[in-house]
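K.L.:
Test case, fold it:
(one chain, ligands or ions: 1)
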Amino acid sequence: MADSRFDLVVIGGGPGGYVAAIRAAQLGMSVACVEKRDRLGGTCLNIGCIPSKALLQSSEKYEEAQHTLAAHGVKLKSVELDLATMMARKDKVVDDLTKGVGFLFKKNKVVHIQGEGRITGPTQVTVNATGNGAGAAQTIDTKTILIATGSESTPLPGVEIDEKAIVSSTGALGLDKVPEHFVVVGGGYIGLEMGSVWRRLGSAVTVIEFLDRITPGLDAEIGRQLQRALGKQGFQFKLSTKVTKAQKTNKGITLTVEPAAGGAAETIKCDVVLVAIGRRPYADKLGAKEVGVAFDDKGRIKTDGHFRTSVPSIYAIGDVIAGPMLAHKAEEEGVAATEFMAGQKPHVNYDAIPAVVYTWPEVASVGKTEEELKAAGVAYKVGKFPFSANARARCNADTEGMVKMIADAKTDRVLGCHIIGPDAGTMIAELALAIEFSASSEDIARTCHAHPTLNEAVKEAALAVAGRTLNL
Ligand SMILES: Cc1cc2nc3c(=O)[nH]c(=O)nc-3n(C[C@H](O)[C@H](O)[C@H](O)COP(=O)(O)OP(=O)(O)OC[C@H]3O[C@@H](n4cnc5c(N)ncnc54)[C@H](O)[C@@H]3O)c2cc1C
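P.N.:
Okay, the predicted model is just below:
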């Protein structure tokens, strides 16, 4: 006999799982959300998006105080780093937001069960309590199960994480002193963001990347501009290079690296190394395979267009299935999956999911890159507009970067937009909406944009698609 019964049990309280649980409750389902961590919010709120952005914000203020405020006529006698306060502020932001999810659960009558969930039948979840009362087990019967167990850092062979000197992003978010030399293995967005934090706080930063470019998913032209911008800030890049060994010495870490294509090895000394070579789906000890849930060759749970797995009563969303590993993608899927369960007909448009790198300048992208369109043989037009010609960027003294808009050569429909520049992550929302509503570049060019705003650069890029910019 089960201890309790629900319409839906969600396993995982990250952005995918908690949003799905709330939406399901709104749709009238009785819902439990099982989370093994002592706090809700998953990777994103606890050890991902939120703490990293809190530190990016604080470190940017430190850098401004040191280097850029004087140009605005604001002179400081001395600037001092209080790392402990910076870390405590970050922890408080995380604490407040994770508690907020608990409040939302109460408001929506979602039952929060703290423990590790295991699927013990197509409609049964067994939970081993974690935290207070650890060890106690309960069995829950449910009509439907939603797997939202997320992802974990991909390990690098030969490099063992201790979260002190050899860290994953989790350790990099909580260092208690500024490293002299901070080496990042992996030129993706997590490595570049954490590298930015520690460079601003005083570290020398080296990024080692296996490929011949950083941020491989980005439009190549924008990726090159980002590398140039970070290089000017002091980042060192070693591309087409692989790390084969990390050895701890009493003076720090000695990394052995060699050319990706093979060749002579060399060593690099540093005091902290961050392994950020990607993330892999996390479905360990879940019992999903045992009940017949199929996985693909990358360890991701296979789903159909309705987020249903190969077991009809079990759904999956977020980082544990295919697609970009992003919090907002997990959320959209969580909402859609529960609406499918309720018999509705939602749709997730994967062409309209923005991706942001929160370095400075920021990079934000939505839709297709030039490389993708070339590979697909699609004829397209490009319009570009630099922030150096945007009045607000000049007022802000933040003129690095550009907006690059790509539209279909025949229909003028916007196919992609890639921004490198100030607040690109906020600006990209306009383009996600444009793609969602199948807007043309002409539609954007004819939409009145407030002056002076950074978004006027989007309008000018749209005008540039037709070769008629007004301010360049
Ligand atoms: C440093 C860093 C920075 C990031 N920055 C961003 C960003 O700026 N923007 C962005 O969109 N994305 C960012 N991400 C990615 C983002 O965090 C993930 O895409 C997102 O959290 C995925 O959501 P999810 O709900 O699928 O899984 P998760 O957030 O990983 O949540 C899964 C939850 O399931 C729990 N769980 C797992 N197994 C069980 C079990 N058997 N029983 C109970 N609970 C279980 C886990 O404890 C976890 O809390 C970042 C990630 C990292 C690491």
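K.L.:
Can you point out the buried residues in stretch 358-372?
P.N.:
358-370 (16 or more other C-beta atoms under 10 Å). For every residue, glycine as well, the C-beta is placed using N, CA and C.
K.L.:
Up against the ligand, what does the stretch 251-400 of the chain have?
P.N.:
Contact residues of the stretch 251-400 of the chain with respect to the ligand, defined by C-beta under 6 Å from any ligand atom, are listed as Y282, L286, G318, D319, M325, L326, A327, H328, A330, Y358.
K.L.:
Which members of those residues occur in helices, if any?
P.N.:
In helices, defined here by DSSP state H, the members of those are A327, H328, A330.
K.L.:
Would you reformat those as TSV and include neighbour count?
P.N.:
What follows is these, written out as TSV (neighbours: other C-beta atoms under 10 Å):
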residue	neighbour count
A327	22
H328	18
A330	30
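K.L.:
follow-up on the earlier one: among the residues of the stretch 251-400 of the chain next to the ligand, which pair sits farthest apart?
P.N.:
Comparing every pair within these by C-beta to C-beta identifies L286 and Y358 as the most remote, at 31.0 Å.
K.L.:
Looking at the buried residues of stretch 358-372, which are in strands?
P.N.:
The strands, defined by DSSP state E, take in E362, V363, A364, S365, V366, G367 from those.
K.L.:
Would you mind confirming that the last one is in contact with G416?
P.N.:
Looking back up the chat, that one is G367. Yes: at 3.3 Å, G367 counts as touching G416 under the criterion of C-beta atoms under 8 Å.
K.L.:
Now the common contact residues for those two.
P.N.:
With C-beta atoms under 8 Å, 6 or more residues apart in numbering applied, the overlap between the contact sets of G367 and G416 consists of I406, I435.
K.L.:
ok, the residue of the stretch 51-200 of the chain found nearest the ligand to S196 distance?
P.N.:
Going by C-beta to the nearest ligand atom, the ligand is nearest to G150 of the stretch 51-200 of the chain, at 2.1 Å. Remark: distance between G150 and S196 (C-beta to C-beta, to the nearest Å) = 24 Å.
K.L.:
May I see the buried residues of the helix or strand containing I113?
P.N.:
Secondary structure assigned from DSSP states H and E places I113 in strand 111-121. Within strand 111-121, the residues that qualify as buried are V111, H112, I113, Q114, G115, E116, G117, R118, I119, G121, counting by 16+ other C-beta under 10 Å.
K.L.:
mind listing the helices for the stretch 101-250 of the chain?
P.N.:
In the stretch 101-250 of the chain, the helices defined using DSSP state H, counting those that start in this stretch lie at 169-172, 189-200, 220-233.
K.L.:
ranking these by burial, who's on top?
P.N.:
Neighbour counts (mean count of other C-beta atoms under 10 Å) averaged over each of the helices of the stretch 101-250 of the chain peak at helix 189-200, with a mean of 24.
K.L.:
and the angle for that one with helix 220-233?
P.N.:
Counting by axes from the mean of the first three to the mean of the last three C-alpha atoms, to 10 degrees, helix 189-200 lies at 20 degrees to helix 220-233.
K.L.:
Give the other helices and strands that helix 189-200 contacts.
P.N.:
If you count contacts as 3 or more C-beta pairs under 8 Å, 6 or more residues apart in numbering; DSSP states H and E, helix 189-200 packs onto helix 49-63, helix 169-172, strand 181-185, strand 204-208, helix 220-233, strand 272-275, strand 355-357.
K.L.:
what does the stretch 1-150 of the chain put close to the ligand?
P.N.:
11-17, 34-37, 42-44, 48-49, 52, 116-117, 148-150.
K.L.:
Could you give the residue of the stretch 201-350 of the chain that lies closest to the ligand?
P.N.:
Scanning the stretch 201-350 of the chain for the residue nearest the ligand gives G318, at 2.2 Å (criterion: C-beta to the nearest ligand atom).
K.L.:
where's that residue relative to G48, distance?
P.N.:
With C-beta to C-beta as the criterion, G318 and G48 are 12 Å apart.
K.L.:
between the two, which one's more packed in?
P.N.:
For G318 and G48, the more surrounded residue by other C-beta atoms under 10 Å is G318, and the numbers stand at 35 against 24.
K.L.:
Would you mind confirming that the more buried one is in contact with A148?
P.N.:
Yes: when contacts are counted by C-beta under 8 Å, G318 is listed as touching A148 (5.0 Å).
K.L.:
For the helices of the stretch 101-250 of the chain, could you give me a markdown table that also reports distance to the ligand?
P.N.:
Below are those laid out as a markdown table (distance: least, C-beta to the nearest ligand atom, whole Å):
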| stretch | distance to the ligand |
| --- | --- |
| helix 169-172 | 4 |
| helix 189-200 | 5 |
| helix 220-233 | 16 |
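K.L.:
Present the ones you listed as a markdown table; the columns should include mean pLDDT.
P.N.:
Converted to a markdown table, the helices of the stretch 101-250 of the chain look like this (pLDDT from 0 to 100):
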| stretch | mean pLDDT |
| --- | --- |
| helix 169-172 | 98 |
| helix 189-200 | 98 |
| helix 220-233 | 98 |
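K.L.:
how many neighbours does E160 have?
P.N.:
There are 11 residues near E160, going by other C-beta under 10 Å.
K.L.:
Make sure it is actually in contact with S168.
P.N.:
No: contact between E160 and S168 fails when scored by C-beta under 8 Å: they sit 11.1 Å apart.
K.L.:
Now do the same for M402: its pLDDT.
P.N.:
M402 is assigned 98 on the pLDDT scale.
K.L.:
Not counting sequence-adjacent ones, nearest residue to it?
P.N.:
Closest residue to M402 apart from its sequence neighbours, by C-beta to C-beta, 6 or more residues apart in numbering: P386 at 4.5 Å.
K.L.:
show me the contacts for that neighbour.
P.N.:
When contacts are counted by C-beta under 8 Å, 6+ apart, P386 is found next to T399, G401, M402, A457, L472.
K.L.:
Now do it against the ligand, distance only.
P.N.:
As for P386, its distance to the ligand is 26 Å (criterion: C-beta to the nearest ligand atom, to the nearest Å).
K.L.:
ok now do A432, which residues does it touch?
P.N.:
Counted by C-beta under 8 Å, 6+ apart, A432 has contacts A352, I353, P354, V366.
K.L.:
Could you pull up phi and psi at the third one?
P.N.:
Think P354. When quoted as degrees, to the nearest 10, the phi and psi of P354 stand at phi -70, psi 150.
K.L.:
Surely it is in contact with E430?
P.N.:
No: because the distance of 10.2 Å does not satisfy C-beta under 8 Å, P354 is recorded as not touching E430.
K.L.:
what about these two, which has more around it?
P.N.:
Under the neighbour definition other C-beta under 10 Å, P354 and E430 were set side by side, and P354 has more, 22 against 18.
K.L.:
Distance of the more buried one relative to G17?
P.N.:
Counting by C-beta to C-beta, the gap from P354 to G17 is 21 Å.
K.L.:
Find me the pLDDT at the residue of the stretch 351-472 of the chain found nearest the ligand, would you?
P.N.:
For the stretch 351-472 of the chain and the ligand, the shortest gap (C-beta to the nearest ligand atom) falls at Y358, measuring 6.0 Å. According to the predicted model, the pLDDT of Y358 comes to 98.
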